[in-house]
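*Asks:* No letters, just coordinates:
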């Protein structure tokens, strides 16, 4: 299991962020640049609220609504994608747009990236064999809910 892989748009020099926005047809406003930088800087799969908290340290006037609108425009442009929580709501964002899946731990609420080319090939082969009338899949992402299992510590007594 792989739990990390390179970002589709790796965090780097802030001066490259306006070019990234322009490349996907978005105006590089100061607010959008700060929000994109926050999304790339924060670890894991942040919520809009977490991005908002991050960017208001630099620009207190940015509203939560502006963050939501910017994140929605990033999703539409392919700079990021929404990640569903256990309840199925897409409230977190993933700056990694490479092909990968998500494991959601119901105990910790953690979303873990999972990449397995063999699994991807099985899914492609399955849908190629089944065929979907009037539908051509372009991409896919599994969302698997479960609990992280910890190994018992050596010497711990079983009860």
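*Replies:* Perfect, I can see it now. Remember, predicted model here, so these are calculated numbers, not experimental data. Numbering: from 1, shown residues only.

*Asks:* Mind giving me the packing neighbours of the helix or strand harbouring residue 34?
*Replies:* According to DSSP states H and E, residue 34 maps onto helix 30-41. The elements that helix 30-41 packs onto, with contact taken as 3 or more C-beta pairs under 8 Å, 6 or more residues apart in numbering; DSSP states H and E, are helix 17-23, helix 48-56, helix 64-77. To be clear about C-beta, it is placed using only N, CA and C from the backbone, and glycine gets the same treatment.

*Asks:* which residues sit in contact with the residue nearest in space to the middle of the chain?
*Replies:* In the chain, the residue lying closest to the centroid (C-alpha atoms, centre = their mean) is residue 94, at 1.5 Å. In this structure, residue 94 makes contact with 45, 80, 81, 82, 83, 102, 111, 113, judged by C-beta atoms under 8 Å, 6 or more residues apart in numbering.

*Asks:* Pass me the low-pLDDT residue ranges in the protein, would you?
*Replies:* Within the chain, the stretches with pLDDT under 70 are 1-15, 85-90, 152-159.

*Asks:* I'd like the distance from stretch 29-41 to the chain centre, please.
*Replies:* 15 Å (C-alpha atoms, centre = their mean, to the nearest Å).

*Asks:* Sorry, wrong one. I was asking about stretch 115-135.
*Replies:* Taking mean C-alpha positions (C-alpha atoms, centre = their mean), stretch 115-135 and its chain are 22 Å apart.

*Asks:* related to what we said a few turns ago, any idea which of the helices and strands packed on helix 30-41 gets closest to residue 150?
*Replies:* Among these, helix 48-56 comes nearest to residue 150, with 25.9 Å by C-beta to C-beta.

*Asks:* What is the neighbour count of residue 96?
*Replies:* Here the count is done by other C-beta atoms under 10 Å, and residue 96 has 20 residues near it.
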